[in-house]
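*Asks:* just the structure for this:
(one chain, ligands or ions: 1)
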Amino acid sequence: MQTILIKNARYLIASLPFDILENGAVFVEGNRIKAVGSSPDLERRYEADVVIDASDKLVMPGLVDAHNHVGECHMFTLFGFLDSPLTGIGDALDRIVWPAWCWIPQEAAYDLEMLGFMHLLKSGTTTVQDCFMWPDEAGRAAVDSGLRVENAPTLVTSLRLKDSSGPEDDLARTEAAIQKWHGAANGRVTYRVHPSATYNCHEWFLKECVNLANQYGVGIATHLAESVDESRRAREVWPQGEVRRAYELGLMGPKSLFFHSCVLDDDEIALYAETGSSAAHCPPTNSMLGNVARVPKMLAEGVNVGLGTDMPTHDMFNAMRAASQQHAIMPREHRGLLPWTPLEMATVKAARALNLQDDIGTLEPGKKADIITLDLARNTRLFPLIPEVLVTFITVNGTGADVADVIVDGEVLMRDRELLHLDEQAIMARAQMWTDEFLAYYRAKVERGEPLVEHIHDEFQP
Ligand SMILES: [Zn+2]
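*Replies:* Purely as a prediction, here's the structure:
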């Protein structure tokens, strides 16, 4: 069993907000943390196969991204081709999201996922919740990436995904991937059932998704109450509103994760708290579409809110900074985030959102060894160095480029910014090739006036 000693840490954040050690150390045995404490003490007690000197570094728990679409970097190139600003979520889906989804060929899936995983890894994310197509390829990429990954294959009934004969076929693919990959790589890879949104899946299908999740004891996730326009349209069809309807359909519970959750009234927030459902707050994309979740209120009411990026081109430092800024421009009665709360949402709260709170989110003996270090030498962003202020500086000033070392499940994946297990240039070259191919397809379709998406039924249909 491999052992690792991270010693002489200038600072070590064991848990948040203020469990901060100076000259700390962590000893890892296999894939778990065996001890956390003062460096002289741990050096005396343990010998390790791998020793990392962190005298000019900060050691902390790996970041947890509670919502991403890891393999969709090609989608975000379409923002560069917009000829008018996006007007809201429906417009973004029509012009950006669905054309990109409906293109993804099976052969591209693994390569696109690997680019996203590599980007996350380099910016300190050690666990990610990943919504993507091609559940089998996503499982293989998750194993090879070295990250802790919760795959949530995208399921939708309103449009036809690439090479799909229909939603039953997609659900069967998800089930096959759960059987094959759930718990793979020593439990590092898990699955969750993911109907894309309650308004783009038929009701019978949402019930099938709940049945599948229950059958395998896995969680369920969906995009819920993301925008004002969507919630208004939903209420025209379902007067009880999206959230109450999700509850009635059996979607809410302690293993349920709802992305965005921006448009919640007080009763709906209470329903999240009562059922133990978690929310994944994604301020970068919410800002782009003009929505803000009532996070201070949700936290005050006991709702668990994890932080997510929703975008493979972002990272958790972007998301933390966006969260710290976004809530300051809310109406006064909705404000109230402490400066380091986004960091809690990016670690312990995101871990709970993925039902992984017993394994990750803090550096404690017995937990899985998911650890990152931040470079403090020549790093003016986190300077001056004051223990009580560090967590705030990480939240509002930190960047992915500050991350020096990354350990996931007891494996050193990045050492002083060098990836030890992935061929960075080769992964980037393949993702570039697929993105070029996607854009050539996209331009040709637009030029010929051909549809980019095959709709099966209108949205907001029971
Ligand atoms: Zn999303």
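*Asks:* list the helices and strands the helix or strand bottoming out on mean pLDDT in the chain packs on?
*Replies:* Considering only helices and strands, the least confidently modelled element of the chain by mean pLDDT, DSSP states H and E is helix 89-92, at a mean of 86. Helices and strands in packing contact with helix 89-92 are listed as helix 228-237; criterion 3 or more Cβ pairs under 8 Å, 6 or more residues apart in numbering; DSSP states H and E. In this view, the C-beta of every residue, glycine as well, is placed from N, C-alpha and C.
*Asks:* avg pLDDT for the helix it packs on?
*Replies:* Confidence over helix 228-237, taken as the mean pLDDT, stands at 93.
*Asks:* chain center to it, what's the gap?
*Replies:* Mean C-alpha position of helix 228-237 versus that of the full chain (Cα atoms, centre = their mean, to the nearest Å) differs by 26 Å.
*Asks:* then stretch 65-84?
*Replies:* How far stretch 65-84 lies from its chain's middle: 14 Å, per Cα atoms, centre = their mean.
*Asks:* please renumber the chain so that the first residue is 642 from this point on.
*Replies:* Fine by me, first position is 642 from now on; the one you just mentioned is stretch 706-725.
*Asks:* any idea of the pLDDT on the closest residue to S764 other than its chain neighbours?
*Replies:* Distances taken as Cβ to Cβ, 6 or more residues apart in numbering put G1041 closest to S764, at 2.7 Å, once the chain neighbours are dropped. At G1041, the predicted lDDT confidence score is 97.
*Asks:* do you know how far G1041 is from E1005?
*Replies:* Computed as Cβ to Cβ, to the nearest Å, the G1041 to E1005 distance reads 25 Å.
*Asks:* name the residues of the least confident helix or strand of the chain that are buried.
*Replies:* 730, 733 (16 or more other Cβ atoms under 10 Å).
*Asks:* how about residues contacting that helix?
*Replies:* For helix 730-733, the external contacting residues (Cβ atoms under 8 Å, 6 or more residues apart in numbering) are 727, 867-868, 870-871, 929-930, 932.
*Asks:* list the contacts of the longest helix seen in the chain.
*Replies:* The helix spanning the most residues in the chain, taking DSSP state H as the definition, is helix 1065-1089. With contacts defined as Cβ under 8 Å, 6+ apart, helix 1065-1089 is touched by 714-715, 718-719, 722, 740-741, 744, 749, 752-753, 755-756, 759, 1092-1093.
*Asks:* for ChimeraX, write the select line for the buried members of these.
*Replies:* For anyone working in ChimeraX, the buried entries among these, judged by 16+ other Cβ under 10 Å, can be selected with:
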select :714,715,718,719,740,741,744,749,752,753,755,756,759,1093
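*Asks:* pick out the most distant pair among the contacts of helix 1065-1089.
*Replies:* Taking Cβ to Cβ as the measure, those span a maximum distance of 33.2 Å, between M759 and P1092.
*Asks:* any stretches of the protein with poor pLDDT?
*Replies:* Within the chain, the stretches falling below the threshold (pLDDT under 70) are 973-974.
*Asks:* picking that back up, buried stuff in the longest helix of the chain?
*Replies:* Under the neighbour-count criterion of 16+ other Cβ under 10 Å, helix 1065-1089 has 1068, 1071-1072, 1075-1076, 1079-1080, 1083 buried.
*Asks:* and after the least confident helix or strand of the chain, which helix or strand comes next?
*Replies:* As assigned by DSSP states H and E, the chain's next helix or strand after helix 730-733 is helix 739-742.
*Asks:* what packs against that following helix?
*Replies:* Contacts of helix 739-742 with other secondary structure elements, assessed using 3+ Cβ pairs under 8 Å, 6+ apart, are made with helix 714-717.
*Asks:* who are the packing partners of the helix it packs on?
*Replies:* Helix 714-717 is packed against helix 739-742, helix 747-763, helix 1065-1089, with contacts defined by 3+ Cβ pairs under 8 Å, 6+ apart.
*Asks:* mind putting these in a markdown table, distance to V797 included?
*Replies:* Listed next are the helices and strands packed on helix 714-717 as a markdown table, based on distance: least, Cβ to Cβ, whole Å:
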| stretch | distance to V797 |
| --- | --- |
| helix 739-742 | 8 |
| helix 747-763 | 16 |
| helix 1065-1089 | 19 |
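*Asks:* nearest to P980, of those helices?
*Replies:* So among the helices and strands packed on helix 714-717, helix 747-763 is nearest, using Cβ to Cβ, at 24.1 Å.
*Asks:* listing partners with orientation, what would you give for the following helix or strand past that closest one?
*Replies:* Per DSSP H and E, helix 747-763 leads on to strand 766-771 as the next helix or strand towards the C-terminus. The pairing partners recorded for strand 766-771 under DSSP bridges are strand 704-709 (parallel), strand 789-792 (parallel).
*Asks:* starting at the chain centroid, how far to strand 766-771?
*Replies:* Relative to its parent chain, strand 766-771 has a centroid offset of 5 Å by Cα atoms, centre = their mean.
*Asks:* helix or strand right after that strand?
*Replies:* If you walk from strand 766-771 toward the C-terminus, the next helix or strand you reach (DSSP H and E) is helix 776-786.
*Asks:* from the contact counts, what lies against that next one?
*Replies:* Here helix 776-786 touches helix 747-763, strand 789-792, helix 808-822, helix 825-828, strand 830-836, going by 3+ Cβ pairs under 8 Å, 6+ apart.
*Asks:* ranking those by burial, who's on top?
*Replies:* When the helices and strands packed on helix 776-786 are scored by mean count of other Cβ atoms under 10 Å, the highest mean neighbour count falls to strand 789-792 (a mean of 29).
*Asks:* name the nearest residue to R876, ignoring sequence neighbours.
*Replies:* Counting by Cβ to Cβ, 6+ apart, the nearest residue to R876 once its immediate chain neighbours are dropped is G882, at 5.4 Å.
*Asks:* got it, and G787?
*Replies:* Nearest non-adjacent residue to G787, counting by Cβ to Cβ, 6+ apart: L1054, 4.6 Å away.
*Asks:* ok so the one you found is a strand residue?
*Replies:* Yes: assigned with DSSP: H, G, I helix; E, B strand; the rest coil, L1054 falls within a strand.
*Asks:* which residues touch it?
*Replies:* 762, 787-788, 1047-1048, 1060-1063.
*Asks:* show me just the buried residues among those residues.
*Replies:* Neighbour counting with 16+ other Cβ under 10 Å marks 762, 787-788, 1047-1048, 1060, 1063 as buried within those.
*Asks:* and the strands paired with strand 766-771 as a markdown table, adding distance to F846?
*Replies:* A markdown table is the format used below for these (distance: least, Cβ to Cβ, whole Å):
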| stretch | distance to F846 |
| --- | --- |
| strand 704-709 | 21 |
| strand 789-792 | 19 |
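*Asks:* helix or strand right after the strand of greatest length in the chain?
*Replies:* Counting by DSSP state E, the longest strand found in the chain is strand 644-656. Moving toward the C-terminus from strand 644-656, the next helix or strand (DSSP H and E) is strand 660-670.
*Asks:* what's stretch 741-750 in contact with?
*Replies:* Under the criterion Cβ under 8 Å, 6+ apart, residues 712-713, 715-716, 719, 753, 773-775, 778-779, 782, 795, 800-804, 1075, 1078-1079, 1082-1083, 1093-1095 lie in contact with stretch 741-750.
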